[in-house]
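Colleague: Dropping a prediction and its sequence here:
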Amino acid sequence: MNRKQFLTQSSLAAAGIWCAPSLLTSLRGDEIILGHNNKRYRINTSWSTLDAAQYPVKDCHEMVQDKLGRILLLTNETKNNVIIYDKNGKLLDSWGHEYPGAHGLTLFNENGEDVLFICDNNRHQVIKTTITGKVLLTLNYPKETGEYTKEEEYIPTETIIAPNGDIYVVDGYGKDFVIQYDLKGTYIRHFGGRGEGDKHILNAHGICIDNRDPGKPCLIVTSRVQNAFKRYNFDGTYIDTIPLPGAWVCRPVIKGNYLYVAVLQSNSRIDEKSGFVLILDKNYRVVANLGGNLPTYTGSTPQEMYQTVKVFQYPHDVCIDDEENLYIAQWNSGHVYPYKLSPV
Amino acid sequence: MRARFMVFFIFIYTMNNGQPVFQLAPPTLKYSTVFLTASPVPVEMIFNQPGAAIHYTMNGKESATTDPIYHSPVLIRKKTILKVKTMGKDFLSSETVTVSFVPAGKAIKKIIYSPPHESYANSRPDILNDDTGGSTNYRKNWLGFERDTAQIDIELGKKETVRSVMLDLLQDEGSWIFLPTRIEMSYFDDRSNSWKPTGNRVLVADKPSPKQTVQEEMKLPMGVQADKLRLVLLSVKRIPDWHAGRGNHGWLFIDEIKVY
């Protein structure tokens, strides 16, 4: 390990004083409630009932809920890469020993069956599996793009599957391209990548499909180091940028009318466990910041956001279950299991 | 027995309705420099958390709830140690943010230094005497070295009585940035046409330290007449065992030199 590998990655605009209905307020005595406006939560930091000696985790990278209502956690601990919980934090199952760089976990309902897409940073591959871990498809480094000469240049972090089955992979720790394949894994096109100009990306860490406006569905791609999301049409044409100053946003996750995103850290306190969790409305305006300040807006751009309470260290993903509970998985946070947040 | 009681007490103290008591994050401080010239330096403190406030002192003492609450930018006009914390009911107070503001000192004509790491090869030539700096963000205005020894030659441009030299250093062990293990200082003596040692300092990194800037002042007991000064900084060749980067070479960061 060298310093560059060890490190992950300031300036701060003045924050106007704006008191939301509640940022972190007391409802029951001095209990802490996280959030703002109509998105407020009670936190349970000991939701997971697992024995760390038996079911250890390293980085808890991403979480999804399957059609049975179970909560799946992906960790890069090869003793149990996938841990399956019920909503009360009780272990239901675990599997996976071959994903040392397990990072991205996406669930797709394919003709009624849940399938998973795992991005492995170390293997430089995307692996499609059944919900029980049987491998269905493996995508190697995309040399068809003409952008890569060896697999080490490709470090995929996330996938999303379009309704037609097309697979979009973001190479968030590699060259920041979005690579589109058909459902069988045949290369179609690529876009994004690093460079000057709005259509380019820096740290394409996550991706999702926003279909809240049925007439204008689009892809939302993270540009984490730029503290922003970028929107693209499904053919890769750039639409616009959603700036989120101060927020090292990870994967966007859409549930209902809201977009949820774990923020790895505050840009004003890099490498200092300064993460928080944002919730944006349909117009991409921040309506709640769990563990941080709620920014004021000047026009369409929020003022810089930052952590205010050390609830989270390096939050990496948000899973929203069918009862609107949130589960927060954290990277490099002392092997901590996910936290559960319940709406109040 | 006392230890067990303390552990139990701390456990009770940090739990609240079955929930941990969370600590507030520190505020963000915005200032242009810590090196004071003729104009006062405004310091903006940023932290918007209902139920919490920013408390600060300007005398070097830890801030308490009885100390002033920040409302608008504070003007720093003279040598000051500013200590700032966020505090609020139902939360543990944040760690302290400390910033030392110091006079800019004597005019420096030129500073010549050993080649820094290639990431800093294109730094401005006057980066060590541009009167800006003092940020704990190593990406801002710092010069980074990964070599065993960094030599810094200071030219004042004319003979001056020098009483001390101050180095503004960064300590950010989480980013593998350590203070030097040793600082040696000398001045050029025209009469003997040679460098004369004036003192040295040994710094020991035997335990973790908070992220901070450190102003190391090298005093010359009698003051000397000199127009050229030399500093030699020895860096951490092997990161100590208590650190995650143990065994690797440490980094050395410096952003300003001041002569008084």
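Modeller: Received the coordinates, thanks. Only a predicted model underlies this, so the values are computations on that prediction, with no experimental measurement involved.
Colleague: rest of the way, CA atoms for contacts and neighbours
Modeller: Will do.
Colleague: Could you list the low-confidence segments of chain B?
Modeller: For chain B, the stretches flagged by pLDDT under 70 are B:1-19.
Colleague: Residue in it with the shortest distance to chain A?
Modeller: With CA to the nearest CA, the shortest gap between chain B and chain A falls at residue B:24, namely 4.4 Å.
Colleague: in stretch A:110-130, what counts as buried?
Modeller: Residues of stretch A:110-130 classed as buried by neighbour count (16 or more other CA atoms under 10 Å in any protein chain shown): A:114-129.
Colleague: so which of those comes closest to residue A:299?
Modeller: Residue A:299 has its nearest neighbour among these in residue A:119, at 37.0 Å by CA to CA.
Colleague: Please identify which helix or strand holds the closest one.
Modeller: Using DSSP states H and E, residue A:119 maps to strand A:113-120.
Colleague: For stretch A:51-61, list every residue counted as buried.
Modeller: Within stretch A:51-61, the residues scored as buried using 16+ other CA under 10 Å are A:56, A:57, A:58, A:59, A:60, A:61.
Colleague: got a list of what the last one touches?
Modeller: Okay, so that is residue A:61. With contacts defined as CA atoms under 8 Å, 6 or more residues apart in numbering or on different chains, the neighbours of residue A:61 are A:73, A:74, A:75, A:76, A:102, A:103, A:104, A:316, A:317, A:329, A:330, A:331.
Colleague: Return the distance of the fourth one relative to chain B.
Modeller: Going back to what we said before, that points to residue A:76. As judged by CA to the nearest CA, to the nearest Å, residue A:76 and chain B stand 19 Å apart.
Colleague: Tell me which residues touch the residue nearest in space to the middle of chain B, please.
Modeller: Centroid-nearest residue in chain B: residue B:213, 1.5 Å away (criterion: CA atoms, centre = their mean). Going by CA under 8 Å, 6+ apart, residue B:213 touches B:99, B:134, B:135, B:136, B:168, B:169, B:170, B:171.
Colleague: Walking through the stretch 151-260 of chain B, point out its strands one by one.
Modeller: B:182-189, B:194-202, B:212-234, B:252-259 (DSSP state E, counting those that start in this stretch).
Colleague: does stretch A:44-60 come close to chain B?
Modeller: Yes: judged by CA under 8 Å from any CA of the partner chain, stretch A:44-60 and chain B are in contact via A:44, A:45.
Colleague: So for that stretch, mean pLDDT?
Modeller: Stretch A:44-60 shows a mean pLDDT of 96.
Colleague: And the contacts of that stretch?
Modeller: The contact list for stretch A:44-60 (CA under 8 Å, 6+ apart) reads A:73-77, A:79-80, A:88-91, A:316, A:329-341, B:19.
Colleague: so residue B:57 makes contact with residue B:67?
Modeller: Yes: between residue B:57 and residue B:67 there is a contact under CA atoms under 8 Å: 6.5 Å.
Colleague: Those two - which one has more neighbours?
Modeller: residue B:57 (19 against 14; other CA atoms under 10 Å in any protein chain shown).
Colleague: check contacts around that one.
Modeller: For residue B:57, the contact set (CA under 8 Å, 6+ apart) comprises B:63, B:67, B:68, B:81, B:82, B:83, B:84.
Colleague: In chain A, which residue sits closest to chain B?
Modeller: Ranked by CA to the nearest CA, the top residue of chain A for proximity to chain B is residue A:309, at 4.4 Å.
Colleague: burial count for that residue?
Modeller: 25.
Colleague: repeat for residue A:190
Modeller: When counting by other CA under 10 Å, one arrives at 21 neighbours for residue A:190.
Colleague: Could you say whether it sits in a helix, a strand or coil?
Modeller: For residue A:190, the assignment made with DSSP: H, G, I helix; E, B strand; the rest coil gives strand.
Colleague: cool, and the one 5 residues further on?
Modeller: The three-state label given to residue A:195 by three-state DSSP is coil.
Colleague: how far away is it from residue A:177?
Modeller: According to CA to CA, to the nearest Å, residue A:195 stands 11 Å off from residue A:177.
Colleague: can you give me the helices for chain A?
Modeller: Assigned by DSSP state H, chain A shows helices spanning A:3-6.
Colleague: thinking again about what came up before, of the buried residues of stretch A:110-130, which pair is most distant in space?
Modeller: Across the buried residues of stretch A:110-130, no pair lies farther apart than A:114 and A:122, at 24.8 Å, counting by CA to CA.
Colleague: Nearest spatial neighbour of residue B:96, chain-adjacent residues omitted?
Modeller: Computed as CA to CA, 6 or more residues apart in numbering or on different chains, the closest residue to residue B:96 that is not its neighbour in sequence is residue B:85, at 5.0 Å.
Colleague: Now that neighbour: which helix or strand?
Modeller: Assigned by DSSP H and E, residue B:85 belongs to strand B:80-88.
Colleague: which other helices and strands contact that strand?
Modeller: Judged by 3 or more CA pairs under 8 Å, 6 or more residues apart in numbering or on different chains; DSSP states H and E, strand B:80-88 is in contact with strand B:52-57, strand B:97-103.
Colleague: wait, which of those strands is closest to residue A:149?
Modeller: strand B:97-103 (46.7 Å).
Colleague: who's in contact with that closest one?
Modeller: Against strand B:97-103 from outside (CA under 8 Å, 6+ apart): B:26-27, B:34-37, B:76, B:78-85, B:134, B:212-213.
Colleague: May I see the ChimeraX selection of the buried members of these?
Modeller: The ChimeraX command for the buried members of the contacts of strand B:97-103 (criterion: 16+ other CA under 10 Å) is given here:
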select /B:26,27,34,35,36,76,79,80,81,82,83,84,85,134,212,213
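Colleague: Show me the beta-bridge partners of the closest residue to residue A:243 other than its chain neighbours.
Modeller: Closest residue to residue A:243 apart from its sequence neighbours, by CA to CA, 6+ apart: residue A:228 at 4.4 Å. For residue A:228, the beta-bridge partners under DSSP bridges are residue A:223, residue A:243.
Colleague: Tell me how many other residues surround residue A:228.
Modeller: Residues within reach of residue A:228, counting by other CA under 10 Å, total 22.
Colleague: Then the one 5 residues further on?
Modeller: A total of 14 residues lie near residue A:233 under the criterion other CA under 10 Å.
Colleague: Leaving out sequence neighbours, find the closest residue to it.
Modeller: residue A:218 (5.0 Å).
Colleague: who's in contact with the closest residue to residue A:153 other than its chain neighbours?
Modeller: Spatially, and ignoring its direct neighbours in sequence, residue A:153 is nearest to residue A:174 (5.5 Å; CA to CA, 6+ apart). Residue A:174 makes contact with A:153, A:154, A:155, A:156, according to CA under 8 Å, 6+ apart.
Colleague: What is the least confident helix or strand in chain A?
Modeller: Least confident helix or strand of chain A, by mean pLDDT, DSSP states H and E, is strand A:24-26 with a mean of 42.
Colleague: Spatially, which residue comes closest to residue A:221, not counting chain neighbours?
Modeller: Nearest non-adjacent residue to residue A:221, counting by CA to CA, 6+ apart: residue A:207, 4.4 Å away.
Colleague: let me redo that: residue B:48
Modeller: Once flanking residues are discounted, residue B:48 sits nearest to residue A:293: 6.0 Å by CA to CA, 6+ apart.
Colleague: where does the stretch 101-250 of chain A have low pLDDT?
Modeller: Scanning the stretch 101-250 of chain A residue by residue, none of them satisfies pLDDT under 70.
Colleague: how about the strands in it?
Modeller: A:102-110, A:113-120, A:125-130, A:135-139, A:158-161, A:167-170, A:177-181, A:187-192, A:207-210, A:218-223, A:228-232, A:238-243, A:247-255.
Colleague: what sits up against the last one?
Modeller: Right, strand A:247-255. A:158, A:205-210, A:220-229, A:259-267, A:304-306, A:316-320.
Colleague: Kindly tell me how buried residue B:194 is, as a neighbour count.
Modeller: Here the count is done by other CA under 10 Å, and residue B:194 has 11 residues near it.
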